[in-house]
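In: dropping the sequence and predicted coords here.
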Amino acid sequence: MPKKPSLTEFEQLSGLRKALADQKAAEEERRREAALALAQIEAEKNLFRNLVGEVKPIAAQGRIELELPKPAPLPLQRWSDEEQVMKASLSDEMDVERLLDTDDQLSYRRDGIPPETVRKLRRGKWVIQSQLDLHGLRVDEAREAVADYIRTCVRHDVRCVRIVHGKGLGSAGKESVLRDKARRWLVQKEEVLAFCQATPKDGGAGALLVLLRSQ
């Protein structure tokens, strides 16, 4: 029987939904404030026109008309970027065991992707076009690096990449801390179609081959 989602997973999803809802509400509030500010400026202009009444322009006398300073632009792009960052937040604790294929390398393929895709990826059907090395990074740094890297690759239509998480030989316990976390992060990225452990010549148990969707 498929594994039921744990209470912790529900709590994490609930937390993410609440964070996204709060972010959206904050953005809507900022937009309302901006609209009110613009309406206030327009109202003040109309009030001045009504008080002054009809006027006649002064005959041109060679004066230079200075442009009025433009109001500071609203940071709409920054607000949008912040919302996208929130949506792209990756969980370190997501249970991915039920999402991985039960082969000896715990490969992954998104729903609708045929098993043959993973076999072709493992056999080198797609040429590795880029690589991200996570050696020396803390978990939070590695998480951000993976998210940024995936977005950049898709933007430039890079389809097949290698993510090196290391084998953990130099860490306490001789286990890679980033190996399992990298798998958790990747299954949460919609851009990732499939991944599998790299072949020995491409890094073996210390790296993943990842297939990304086309731009």
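Out: Nice, I can see it.

In: next structured bit after the lowest-mean-pLDDT helix or strand in the chain?
Out: Using mean pLDDT, DSSP states H and E, helix 76-87 stands out as the lowest-scoring helix or strand of the chain, at a mean of 59. Counting by DSSP states H and E, the next helix or strand C-terminal to helix 76-87 is strand 108-109.

In: mean confidence (pLDDT) on that following strand, please.
Out: Averaging pLDDT along strand 108-109 yields 89.

In: which other helices and strands contact that strand?
Out: helix 115-122, helix 177-187, strand 192-197 (3 or more Cβ pairs under 8 Å, 6 or more residues apart in numbering; DSSP states H and E). From N, CA and C alone the C-beta is placed, and that goes for glycine too.

In: just send those back as a markdown table, with mean pLDDT too.
Out: A markdown table is the format used below for the helices and strands packed on strand 108-109 (pLDDT from 0 to 100):
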| stretch | mean pLDDT |
| --- | --- |
| helix 115-122 | 91 |
| helix 177-187 | 89 |
| strand 192-197 | 94 |
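
In: what sits against the nearest residue to W126 once chain neighbours are set aside?
Out: The shortest distance from W126 to any non-neighbouring residue, by Cβ to Cβ, 6 or more residues apart in numbering, is to C160 (3.7 Å). Neighbouring residues of C160 by Cβ atoms under 8 Å, 6 or more residues apart in numbering: L121, W126, V127, I128, Q129, L209, V210, L211, L212.

In: and these as TSV, adding distance to V139?
Out: As requested, the contacts of C160 are exported to TSV (distance: Cβ to Cβ, whole Å):
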residue	distance to V139
L121	26
W126	28
V127	30
I128	25
Q129	26
L209	22
V210	19
L211	24
L212	23
